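Engineer: Show me how the following folds:
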Amino acid sequence: MRIVLVLRGHESLDPDTVVFTFVPESSKKTERKDVYLSVESVQAYLVDKVYSMEPKSDDYFMILCDYFGENVGGGNRLVAAPVFTMLGNVLGLVLQNCRQGDIGAQMKVVMKASAVKRLLES
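Structural biologist: The predicted structure follows:
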């Protein structure tokens, strides 16, 4: 079975949008996990130039996810996991954890699908 992910160039990052990902339950099984858009954009100002934006900082957003699985080295097991909408569109790919912990929810940084698409085409 082959799965093809469609990376849309224009995503809707409405906080009310239901989004989900698939998380590893074991080496042979995954499960669907609802996640929540917590920050629609991580646009950031440059420290020394308050009126300038950090280049490409709007290519990322953040999600909250109550999945705490780690790889053998203690890293995020969801790296490169796609984040889907209920329509089956991919909003982006998980890059890294932003906040560590084992209770509540982890914040994860996600690269927008449009940014991933630009990287693949360059």
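Engineer: Would you map the helices across this structure?
Structural biologist: Ranges of helices within the chain are 113-121, based on DSSP state H.
Engineer: if you count residues, which strand in it comes out on top?
Structural biologist: strand 30-39 (DSSP state E).
Engineer: Which strands border it, and is each parallel or antiparallel?
Structural biologist: Strands adjacent to strand 30-39 in the sheet, as given by DSSP bridges, are strand 19-24 (antiparallel), strand 60-65 (antiparallel).
Engineer: rank the ones you listed by pLDDT, which is bottom?
Structural biologist: Comparing mean pLDDT across the strands paired with strand 30-39, the weakest is strand 60-65, with a mean of 84.
Engineer: sorry, back to before: output the longest strand of the chain as PDB - backbone C-alpha positions only.
Structural biologist: Extracted in PDB, the C-alpha atoms of strand 30-39 (Å, rounded to 0.1, in the frame of the first residue of the first chain):
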ATOM      1  CA  THR A  30      -0.500   3.500  14.900                       C
ATOM      2  CA  GLU A  31      -3.500   5.400  16.200                       C
ATOM      3  CA  ARG A  32      -5.200   8.600  15.300                       C
ATOM      4  CA  LYS A  33      -4.700  11.400  17.800                       C
ATOM      5  CA  ASP A  34      -6.600  14.700  17.700                       C
ATOM      6  CA  VAL A  35      -4.300  17.700  18.100                       C
ATOM      7  CA  TYR A  36      -5.100  21.400  18.700                       C
ATOM      8  CA  LEU A  37      -3.800  24.400  16.900                       C
ATOM      9  CA  SER A  38      -2.400  26.600  19.600                       C
ATOM     10  CA  VAL A  39      -0.500  29.200  17.600                       C
END
